[in-house]
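# Fold the stuff below for me.
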Amino acid sequence: MCSDDHAVFLSSGSRSRRAIGQTGFHRFQLGGTTITALCDGHFALSVQEVLRDGEMPMQPLLERACVGAVVSSHVNAFLIELGAHRMLIDAGAGDLQDATLGDMSAQLVAAGLRPEQVDTVLVTHLHPDHIGGLTRNGVAVFPHAVIHVPREEDAFWLGAGNPETVDASVRATFEHARQILAPYRAEGRYRLFDSGAVWNGCVTAESLSGHTRGHTGYRLHTKEGDVVFCGDLFHVASVQLADPDVTVCYDSEPAKARTTRAAFLADACRRSDIVAAAHAPFPGLGRIVAADNGYAWHPVA
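Numbers count the residues shown, from 1 in each chain. Take a look at the predicted model:
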């Protein structure tokens, strides 16, 4: 059976301004907590240029997953509502990348929320498609929010990181991160944290390093189970779940990314967590299930 990696999942909050990728917002509840998936848009991903061979031969893997030369990769952000608190996980690309991206703020408003209501932003890592939506024309989009960044991310991209150690496709991150985060840093609304940090008693930071030095996931604990926001743990689910050894050119530490992904998938499968993924088909929510070869992505309705 072919994969639905590049299918479009519509929700009650969808809009039709774009035929692919513009799928709006999707709200759901778990254990009394409301989570809203926000579609920032999509970008064209060339599998031959981006994917790096894993343990199995690439071409048969692509054929089995029914993946063509180019897939439409969604960019998802997620909002958690905890009483009076509004916590945003990642912020989309803003105007830093493709014209088909940058809709996160519009989707937030379409979902009945305003940027000024967001009090906390948790960043998985500092690549442009995860932080670009924080700032527009040099002004903070979220006027009351504190931005929380993994300490290792800050140390690498805003500190002593060497551009020659990462792929050319992500070297602009060094400049973009400084520009995008500048208003929050100037206003004292910028915080660093280490793995294990906790917010509002129920959201915990978990290291998922490898994609970047400080790549971080967030686990939301509820009385009905956990939701794990895994950032860029995978870009093409049907391929990288079937063979977790497949990496992407964007990975800073490919060997570490393989190890991290394999451990995460085994744990998520065992626990039956809901996984919220930045680049899974919108709304980016699913479970990791065991398959004949490796794992598979099972979308959550």
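# For this protein, give me the ranges with low pLDDT.
1-23 (pLDDT under 70).
# And the helices in the chain?
Counting by DSSP state H, the chain has helices at residues 47-50, 58-64, 104-110, 128-131, 151-155, 173-186, 237-240, 254-271.
# any idea how far the longest one is from the chain center?
When you say that, I think you mean helix 254-271. 16 Å (CA atoms, centre = their mean, to the nearest Å).
# Which neighbouring elements make contact with that helix?
Contacts defined by 3 or more CB pairs under 8 Å, 6 or more residues apart in numbering; DSSP states H and E place helix 254-271 against strand 225-231, strand 247-248, strand 285-290. Every residue, glycine included, has its C-beta placed from N, CA and C.
# quick revisit: would you turn the helices of the chain into TSV with distance to Thr165?
Shown next, in TSV, are those (distance: least, CB to CB, whole Å):
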stretch	distance to Thr165
helix 47-50	19
helix 58-64	25
helix 104-110	29
helix 128-131	18
helix 151-155	13
helix 173-186	11
helix 237-240	22
helix 254-271	12
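# For Asp292, which of those is the nearest?
With CB to CB as the criterion, Asp292 lies closest to helix 58-64 of the helices of the chain, at 10.1 Å.
# quick one: contacts of stretch 186-206?
Contacts with stretch 186-206, where a contact means CB atoms under 8 Å, 6 or more residues apart in numbering, come from 33, 80, 82, 85, 87, 120, 122, 140, 145-151, 154, 181, 184, 207, 216-222, 228.
# Between the two ends of it, how far is it?
27 Å (CA to CA, to the nearest Å).
# can you count the residues close to Gly68?
Gly68 sits with 9 neighbouring residues when counted by other CB atoms under 10 Å.
# got it, and the one 4 residues further on?
Counted by other CB under 10 Å, the residues lying close to Ser72 total 17.
# closest to Leu38 out of the helices of the chain?
helix 104-110 (4.3 Å).
# list the helices and strands the closest one packs on?
The helices and strands touching helix 104-110, judged by 3+ CB pairs under 8 Å, 6+ apart, are strand 25-30, strand 33-46.
# Columns mean neighbour count and distance to Leu113 on top of those strands, output as JSON lines?
JSON lines is the format used below for the helices and strands packed on helix 104-110 (neighbours: other CB atoms under 10 Å; distance: least, CB to CB, whole Å):
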{"stretch": "strand 25-30", "mean neighbour count": "19", "distance to Leu113": "9"}
{"stretch": "strand 33-46", "mean neighbour count": "23", "distance to Leu113": "8"}
